[in-house]
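Novice: sequence? don't have it. structure:
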């Protein structure tokens with residue numbers, strides 16, 4: 001008797017997304033317990049995606065993590081903390097998205113631990129490099145963070161448009 005194909009996200013991706021979300025919550029808990037609580041609810045979306053294989057869990061995770069970053073920013077979080085939390089938010093999303101894609105292509109039980117570890121580590125390294133470039137730019141641009149914020153808002157808008165286009 002053959003086992004039915006299970007297209008949920010891979011186990012390593014679920015674990016990686018949970019760890020990144022817990023890390024983000026830990027960064028935010030000192031700054032704003034409300035923002036940390038919002039981020040912590042992202043774990044529920046990760047688990048829902050892991051149990052049901054639904055893409056809506058990934059979308060819910062992104063919305064919750066962005067909302068927690070906004071709450072932390074409103075609470076007056078320092079820029080380096082927001083950058084660290086943002087990098088962890090992107091890593092959580094990327095790990096879950098990659099795990100969902102792997103689950104659809106090769107199945108939930110596939111032994112893809114090394115691939116997932118490299119993917120998640122690469123996301124963290126790229127995020128750290130981008131944060132380093134942003135901090136370096138702030139020290140050279142006369143207007144500092146306001147220029148960077150506008151550029152990031154434009155970039156976020158472009159990514160949102162691309163994401164919506166890919167979902168259509």
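Specialist: That came through, no problem. Computed from a predicted structure; not experimentally measured. Numbering: from 1, shown residues only.

Novice: for the chain, what are the low-confidence residue spans?
Specialist: 1-7, 106-110, 112, 141-151, 153-154, 157, 160-168 (pLDDT under 70).

Novice: just the helices in it please.
Specialist: Using DSSP state H, the helices of the chain run over 11-31, 33-40, 42-52, 55-74, 79-106, 113-140, 145-167.

Novice: possible to save those as JSON lines with mean neighbour count?
Specialist: (Each C-beta comes from the backbone N, C-alpha and C, glycine too.) JSON lines is the format used below for the helices of the chain (neighbours: other C-beta atoms under 10 Å):
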{"stretch": "helix 11-31", "mean neighbour count": "22"}
{"stretch": "helix 33-40", "mean neighbour count": "20"}
{"stretch": "helix 42-52", "mean neighbour count": "20"}
{"stretch": "helix 55-74", "mean neighbour count": "18"}
{"stretch": "helix 79-106", "mean neighbour count": "21"}
{"stretch": "helix 113-140", "mean neighbour count": "14"}
{"stretch": "helix 145-167", "mean neighbour count": "11"}
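
Novice: got a list of what the spatially closest residue to residue 22 that is not a sequence neighbour touches?
Specialist: In space, residue 22 comes closest to residue 43 once its chain neighbours are excluded; the distance is 7.4 Å by C-beta to C-beta, 6 or more residues apart in numbering. Counting by C-beta atoms under 8 Å, 6 or more residues apart in numbering, residue 43 makes contact with 18, 21, 22.

Novice: ok, now residue 39?
Specialist: Residues near residue 39 by C-beta under 8 Å, 6+ apart: 21, 24, 25, 28, 64, 65, 68, 85, 89.

Novice: is residue 53 in contact with residue 101, as I believe?
Specialist: No: assessed by C-beta atoms under 8 Å, residue 53 is found out of contact with residue 101, at 11.5 Å.
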